[in-house]
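Colleague: for reference, the sequence and a predicted model appear below.
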Amino acid sequence: MKFFVDTAEIADIREMAETGLLDGVTTNPSLIAKSGRDFMEVTKEICDLVDGPVSAEVISLDHAGMMREAEILRKIADNVCIKVPLTVDGLKTCKKLTSDGTMVNVTLCFSANQALLAAKAGATFISPFIGRHDDNGFDGIQLIEDIRLIYDNYAFETEILAASIRHPIHLLQCAKIGADVATMPPKVIKDLFKHILTDKGIEGFLADWAKTGQSL
Ligand code: E4P
């Protein structure tokens, strides 16, 4: 399972990259706004920090506008993955870009039928939003399960990029279902390392080690 970090904060991305566990980055217009950075500049910095795909989202809603923006974005670096919304124009753009060998992440997916359309459009990644699905009274994890079943039925190569992950249980459920990628905020990735018994175990071992009077 690949781990992406969902942020545009350079310090957080650097910290995650240093763990050696980071496979890519996702950003969106809200995360760029939160960072307060210039879109092109910060995307370039992220691409230099991480070898894997870095999703950068188009703003236009029409196919021509999306193509124009994709042209600008894909010049930033080879590992830029163009993020398009799951709309008719978004999927038209997806088909065109992936046919030319450009990576595309189709975002804002809230139904398995939408995911089927994205796979038929040749998407590199489909991003179903688990947390936002849950927030609106739907079952985000069931959505991942349905997409996995459909993609396996037809051997689609589109990778399921579980997004809008809010806590480690979401990640655990996605891993059990077989999501290909999970994009998580830095805090959720950090929380994956934690266990009270690990902390207590370290405390106990260090206390006993101190009693030996030895040093390494
Ligand atoms: C994914 O690519 C999105 O940027 C992200 O996961 C959205 O998460 P949110 O619902 O927490 O904003």
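Modeller: That came through, no problem.

Colleague: the residue sitting nearest the centre point of the chain bridge partners, please.
Modeller: Computing the C-alpha centroid of the chain and ranking residues by Cα atoms, centre = their mean puts T183 first, at 2.9 Å. On the basis of DSSP bridges, T183 takes part in beta bridges with F4.

Colleague: right, and it touches R166 too?
Modeller: No. Assessed by Cβ atoms under 8 Å, T183 is found out of contact with R166, at 11.9 Å. Every C-beta, even on glycine, is put in place using the N, C-alpha and C of the backbone.

Colleague: for T124, phi and psi?
Modeller: The phi/psi pair for T124 (degrees, to the nearest 10) reads phi -70, psi -40.

Colleague: and the closest residue to M1 other than its chain neighbours, helix, strand or coil?
Modeller: Closest residue to M1 in three dimensions, ignoring its sequence neighbours and counting by Cβ to Cβ, 6 or more residues apart in numbering: A175, at 5.5 Å. For A175, the reduced secondary structure class is helix; criterion used: DSSP: H, G, I helix; E, B strand; the rest coil.

Colleague: A175: how many residues sit nearby?
Modeller: A count of neighbours around A175, defined by other Cβ atoms under 10 Å, yields 12.

Colleague: for it, report the pLDDT, please.
Modeller: At A175, the pLDDT value in this model is 98.

Colleague: now do the contacts for E45.
Modeller: If you count contacts by Cβ atoms under 8 Å, 6 or more residues apart in numbering, E45 has them with I10.

Colleague: just the CA coordinates for the helix or strand where it lies, please, in CSV.
Modeller: Counting by DSSP states H and E, the element that carries E45 is helix 39-49. Coordinates of the C-alpha atoms in helix 39-49 are reproduced here as CSV (Å, rounded to 0.1, in the frame of the first residue of the first chain):
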residue,chain,number,x,y,z
PHE,A,39,0.8,27.5,-6.2
MET,A,40,3.5,27.0,-8.9
GLU,A,41,6.4,27.7,-6.5
VAL,A,42,5.2,25.4,-3.7
THR,A,43,4.3,22.6,-6.2
LYS,A,44,7.8,22.8,-7.6
GLU,A,45,9.3,22.6,-4.1
ILE,A,46,7.2,19.6,-3.3
CYS,A,47,8.2,17.8,-6.5
ASP,A,48,11.8,18.4,-5.7
LEU,A,49,11.4,16.8,-2.2
